[in-house]
Structures are given as structure tokens and as C-alpha cells.
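A.B. asks: take a look and give me a structure for this.
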Amino acid sequence: MAGAGILAATVAVWLFLDRHPPEWDHANHLERAVQCAQGIRNGDWDAILGHSPFYPPLVLCATGLVYLAAPTDMAAAGVVMIVALAVGMMATYLLARPAVGEAGAAVAALVYGTAPYVVFSTLRLQLDLPLAAMVALALVVMREADGLRHLGWALLTGVVLALGMLTKPPFAAYVAPALLWLLRGMRDRRGAVHGLLMLAVSVALALPWYGPRLFGLPSQFAWRAVSADETVHLDPQTLAALLRYPAWFPSQFGVAATVVFLVGLAVALRQRRWWFLGSLLGPFVIFEALRNKNLRYTLPLLPVAAVVASIGWNALPRAVRAGSTAVLAAVAVLQVGATAFDRPRAAHVAGLGIALGVPSPPNLDDWRHREILTLLAADSRGRPAAVSVVPNHPFFSVANFRYYALRDGLALQFSRAWDEPPLGIEYVVLKSGDVGPPWTEPRIRRVTASLDGPAALGRVFPVIGRFALPDGSEATVRARRLTAMPGMSAADVAGRAERALWRWMSDFARDVEAPALRIHYDDGAREGHFARVELSAARVTFAEFQRPRAARLRMRDVRIVLEDVVINPFSAVHEERLEPLDAGRFRLERATITADDLERFLDELPKLRTQVRLEPGALAVTVRQFGPDVTGRVRVVPVPGALPVALVPEDVRVGAVALPDALVGWVMRQYDPTGRIARRLAMPVTIGRITVGPTAVTISTE
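C.D. replies: Residues are numbered from 1 along each chain as shown. This is a model prediction of the structure:
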């Protein structure tokens, strides 16, 4: 495995030289690794298992474990990725050896380990390279367990399948053809017992993470299949879509390796090596059918592609093999250099425009994150503060800042650019020039313009720091600073604020009957601060009326109290436009929602396949789905927290089958929306006593 050692040394040198900030998902995964390290240190299983609906904990917690042993962020990630590369190369070797012998297996491992996109992926903490290693390892183990005659191999297969699923959920798609072939061994009694034990081991190991997420994973897969922003979107029925992966393949897999692969594909078809072909082409067809195209999606197929390439190499005449091996080795060196160090620079195949690598040279540029975070921590005096990072540049985004703040133990909470007024935001980080991908740029430009132009919002968020960035742009840090309106009394500002509030409410509340508004204030109103705002109405319809076909909720006898309200006084006075900036607490003291109004609201929610009926003390819920419907009762109970209610399910059934309460409660922890709503709230919320009756839901202070 000298090749793996050389590649590991190359990656280590790259990590030693590189200083660029982790991009997007890379930063998110590093953040998760630090969270898992904290969970391991504290014995917190919730932190270890995580709250992500799609990314399992195996790789990220392995990184966290290394981080605990040697607390350097990028080094921990580098160790895990080097191990993933080595395991992938070893598994590729073992996968190829029975088919092509020792020499051919070494060629397969070399072809896989030096593939440009494999080298590129080794330099970043992503899940796709470990996923490729687990796919190759699972194929090796399943081949050894063929026929399910040996209990030991069957149990080991179950363990490896579970570890693969705990690496990333799409693992199932890559190993499905081989698994189906393996399960044919269950036709006799011994094979059936071994197969069931294999599946039981796999389910038992994967269930702690997958159990609470099973109902939500289909929607996650669907979103990534058609809506993921970082991918290329193409109509899968067009020729351009069908040719996208083949066109990318030479640069992903390697030019010389692609030639040998095409020979191997023809040989494998002639020799009827259906197991290899099915393991390669079956998953490939699945990803060809998806609208989204990304090299990460086909990376786990490269170990099998390398085996097919070794079959082609093995079929060459003996005299040609030595020369082809030399060519493969020479091109491999060029690919690794072109990817890891961009040397030779912009290397490509003359006349074809095919890149020899995926250039990602070490970057020594300082993007000033540490200085900006130091400024924010000093200005906030170490207290918790909300920061909006507006740009979405790969080296300058909310993901970078959030990860660095967590790693350094800073009490700062980060969010992206806002859609509405910056409610709860105390600091804003901006960037000129390139601000990120085109699908996020319009919102970023709008927010930047609202602060940089003559608008009143810029007066509330003055600049407290400027930083030159390596791409020639400038980062600015703004802090919320409230100043008194010159030449106006508190009563004058309060009067303008009241008119602005009525205008602002028209976007959210209409058909208001018997409205009443009372504002409590002192001289702080000149700075936009009001002690309390009380709103009440006999009837009101709430909705996001600016959105077409927004669902409308009719409520009666409503009373809402907001404490410690902060608004932009300049926009209220000069434009009679309300820009809410903060609030200490939101209290819903009184409200009544009738059964008819609740049913009408739920009917208007898009794509909601849920029916709700009011019963004494609970909501009777029916979830329509493919297969048996899910029915049950849900009680709304008070709990301490930012959103002081929780949903408690009872008597849940799938069709006619009753589910154990412990299982339902376990799954409900992932799907109860109150926790996610609470995390998004810019202020604490208090809700009065909730009473569910057969005709209405009532909120009261009694």
C-alpha cells in the first residue's frame, strides 16, 4: 500500500500549507464534529446523535473523537479523510483481487486513490469519500457472504451495512443490487436464518439514529433530488442531462483510467460479470434519473469503476500491460499534482479540453474571520449576541463564522441575510464584490442596499469595523446603535410609531373587529424603545397576506402583549413605516379558534395531508399517506422554554396497528415542530392556558 502512503503524505503536506476557511458543507460538518466532541466529553447522547435529519453521526463523530485526542480542527478532519482514502483503496484492492489477481488489484487501488475527484475530496471533510469506502467495503463483505452459508460472514455483513447507513443514507442505493443478489441465499432454511440475523444486526445498530427520522427521510431525499442549490439542475429526460455524468467522468476518474475503464466495460459485458456491472450501472441509472447532477453523487461508484478498469487492464496483451501501467502511474502523478497543488497549472488534455485534475491548491489568504470575531466578542462584552452574516461567499459565509465561533467558545449566534426587518439582530457582517452563488445573490444585494444606502436602517446599524479581504473586496461590521430622534418628544415618536404599526399590521392582520392598541413608553421612545405594546380585537384574520394563497387563521377575542419593544425610530417618524428590531417577550394572553376556523386554516395549507378534529382535551389527527393512514390524539401541554408548549401524542395507530407509546414519543422528538419554532424565535414567547374542547381551542390567562 505504498501508493496510499504517498497519497496520505501528499494530503498531510497540503493540510500543513493550506489556510483557507472551510466552505459551506465543509464548515457545517466541522461544526457538527465539534458538537459531537462536546457530546462525547459530556456523555450527552442527544449531542452525539445530533439533530440533523439527513447526516448520520459516524464520520462526524469520528472526527470529533480525533479532535478530542488532538484538538486541532483541520488536522482531525484530515486524519479521518486520510483513513477513509486508505480504507477505500484497500477495499477496492480486495474487491478486484479475485477477478484480476494481485497485480490487477493493485492497479484498481491505484486508479481509485489517484482519481482527481477522490484526491479533491480527501482535502475536505465531506461524507462522500467515507461513503465510497463503506460502499467498497460492503461489496467485499457481501461477496464473501454470498449464499449466506456462514453465520460469521452474515453477521459481519449486517455490521458493515449498518455502518454504511450511519455514514450517509444514500448508501442503500449504492449497495442495493449486491444486497438483492445476496438475499437470494435466503431461499433455504439456513440461509433464511442467517439473512434474518444479518438484517436484525443491521437494523439494531442503525435504529438509534434512523428510528426517529424514518418518516422524514423521504422528504429529505425528494428535496435533494430536485431542489438542492449546490447542484446542476437539468431535465433528466434531455440528452444534455444524460450526457452530463459521462462528460464529467474523465476529469472525475482520470483520463487514462477512463480509457482502460471503457475497455474493461466491454470485457465485463463479454465475460458476463453481472455482479460488478449491476453494482456499477444500477446505482448510476438512479442518479442519472435525478434532476440534480453533482460529482459527489457518483463518487461512491468509483471503487467499482476502478475494478472494471482493472478488468480492462488485465485483458490487455502482456506486452501492452507494462506500458499501460507506466502510463497510468505517470498520469496518476500528474492528476494528484494538478488537483492538490495545481501543478502543472491548469493541466488538461490538449485538443480535448479535458482537465487532468480538479485544481485545489493550498491557499494562504487570511479572510479575517478571527479579527472580525474578536471585534464582535469585544463589542458585545462576551454576552450572547445575534449576528447576521449577509454574504454567502464560500470563504465568507454564515457557515464559516458559525463554525469558528463554536470552536472558539464564543457566545455568538449566527444567521443568514434576513427576509423581513432584522428582528433580534444586533450585529451585521457585510461584504462587497462577490457575495456568493446567483441563487442567493438577490436577497444579499437587497439587504446590503438597505444598509449601505440612504435608508433609515443604515442609521440604526453604523459601521464599527472595516476589513480588506483577499479577493479585493471589503468586509464591514455594523452594530445596532439606537440614538434619540432629534427635536422630537417621546409622545411625538410614539404617535408616529402607532400609525406605522397599524400600517404594518395590515400585512398580517385583516378583517379586524373592535381593534385596540395601547403603547406604554417613557423618554426611551425617542430611541425607538417602548416598555409594552398591547393589542386586542374581537375578531381578526391572521395570514402572510403578501404571499399569494396564504393560509388564513381566524381568531376571536384576541389579546397580545409585547414587552421591551425596539423599533427603528427613523423609519417610523420619516416614513411612517415600522421596522421592528427586537422585543423582550411576546405574550399571547387570550384567543379562541373555533373548530370550523381551524379546519378551514388547515385546508388552505399547501400539501398538508393531515386532518384535525377537536376532542375534549386533545386534537384527533389523521395523516394521509401512501399505505395505511396514521391516526392518533395529540395533547398540547405546557413546558418551560422559549416556546412553552409541547405536543404529546396518544393512541397512535398505523392503520389498525397500535404503536407503543415509548416508540411514538421517541419518534415525536424529531417531528414535534415546537422545538424548531422555538429555535427560530427572536424572542421568548409566553402562551396562556390552552384548553381544547369539542368546538374550539381557547387560550386564556385563567
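
A.B. asks: which residues touch the residue lying closest to Leu269 once chain neighbours are set aside?
C.D. replies: What sits nearest to Leu269 in space, not counting adjacent residues and going by CB to CB, 6 or more residues apart in numbering, is Leu277, at 7.0 Å. All C-beta spots, glycine's among them, are computed from the backbone N, C-alpha and C. Leu277 makes contacts with Ala268, Leu269, Val308, as judged by CB atoms under 8 Å, 6 or more residues apart in numbering.

A.B. asks: now do Arg624
C.D. replies: Contacts of Arg624 (CB under 8 Å, 6+ apart): Arg609, Thr610, Gln611.

A.B. asks: can you add neighbour count, pLDDT and distance to Leu179 and give the residues you listed back as a markdown table?
C.D. replies: Formatted as a markdown table, those follow (neighbours: other CB atoms under 10 Å; pLDDT from 0 to 100; distance: CB to CB, whole Å):
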| residue | neighbour count | pLDDT | distance to Leu179 |
| --- | --- | --- | --- |
| Arg609 | 11 | 71 | 31 |
| Thr610 | 13 | 76 | 34 |
| Gln611 | 15 | 81 | 38 |
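
A.B. asks: so which of these sit within helices?
C.D. replies: Counting by DSSP state H, the contacts of Arg624 place none of their members in helices.

A.B. asks: among the contacts of Leu277, who's most crowded?
C.D. replies: Within the contacts of Leu277, most neighbours by other CB atoms under 10 Å means Val308, with 30 neighbours.

A.B. asks: tell me which helix or strand that one sits in.
C.D. replies: Val308 belongs to helix 302-315 when elements are defined using DSSP states H and E.

A.B. asks: ok, then the element right after that helix?
C.D. replies: helix 318-340.

A.B. asks: strands paired with the next helix or strand along the chain from that next one, and their directions?
C.D. replies: Later in the chain than helix 318-340, the nearest helix or strand by DSSP H and E is strand 348-349. Using DSSP bridges, the strands paired with strand 348-349 are strand 354-355 (antiparallel).

A.B. asks: buried ones in the next helix or strand after the strand it pairs with, by neighbour count?
C.D. replies: Sequence order places helix 369-379 as the next helix or strand after strand 354-355, per DSSP H and E. Neighbour counts over helix 369-379 (16 or more other CB atoms under 10 Å) mark His369, Ile372, Leu373, Leu375, Leu376, Ala377 as buried.

A.B. asks: check which helix or strand covers the closest residue to the first one other than its chain neighbours.
C.D. replies: Leaving aside its chain neighbours, His369 sits nearest to Tyr404 (5.3 Å; criterion: CB to CB, 6+ apart). In the assignment (DSSP H and E), Tyr404 maps to helix 398-407.

A.B. asks: angle of that helix against helix 369-379?
C.D. replies: Note on geometry: by axes from the mean of the first three to the mean of the last three CA atoms, to 10 degrees, helix 398-407 and helix 369-379 are set 60 degrees apart in direction.

A.B. asks: who are the packing partners of whichever helix or strand comes after helix 398-407?
C.D. replies: Note on helix 398-407: by DSSP H and E, the next helix or strand toward the C-terminus is strand 412-415. Other elements packing on strand 412-415 under the criterion 3 or more CB pairs under 8 Å, 6 or more residues apart in numbering; DSSP states H and E are helix 369-379, strand 385-389, helix 398-407.

A.B. asks: those: which one's closest to Ser700?
C.D. replies: strand 385-389 (32.2 Å; CB to CB).

A.B. asks: so what touches the closest one?
C.D. replies: Residues from elsewhere that reach strand 385-389 (CB under 8 Å, 6+ apart): 376, 396-398, 400-401, 411-418, 422, 424-429, 682.

A.B. asks: the residue nearest to His369 and Leu85: what is the separation?
C.D. replies: When CB to CB, to the nearest Å is the yardstick, Tyr404 and Leu85 sit 26 Å from each other.

A.B. asks: follow-up on the earlier one: now whatever helix or strand the residue nearest to Leu269 lives in: average pLDDT?
C.D. replies: In this assignment (DSSP H and E), Leu277 forms part of helix 274-288. Mean pLDDT, computed over helix 274-288, is 93.

A.B. asks: buried stuff in that helix?
C.D. replies: Those would be Trp275, Phe276, Leu277, Gly278, Ser279, Leu280, Leu281, Gly282, Pro283, Phe284, Phe287, Glu288, for helix 274-288 by 16+ other CB under 10 Å.

A.B. asks: grab the CA positions of that helix and hand them over as CSV.
C.D. replies: This file holds the C-alpha atoms of helix 274-288, laid out as CSV (Å, rounded to 0.1, in the frame of the first residue of the first chain):
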residue,chain,number,x,y,z
TRP,A,274,-23.2,-9.1,-14.0
TRP,A,275,-22.4,-8.6,-10.3
PHE,A,276,-19.9,-5.9,-11.0
LEU,A,277,-21.9,-4.4,-13.8
GLY,A,278,-25.1,-4.4,-11.7
SER,A,279,-23.3,-2.8,-8.7
LEU,A,280,-22.0,0.0,-11.1
LEU,A,281,-24.8,0.6,-13.6
GLY,A,282,-27.8,0.1,-11.2
PRO,A,283,-27.0,3.0,-8.9
PHE,A,284,-25.7,5.0,-11.9
VAL,A,285,-29.2,4.8,-13.5
ILE,A,286,-30.8,6.1,-10.3
PHE,A,287,-28.6,9.2,-10.2
GLU,A,288,-29.0,9.7,-14.0
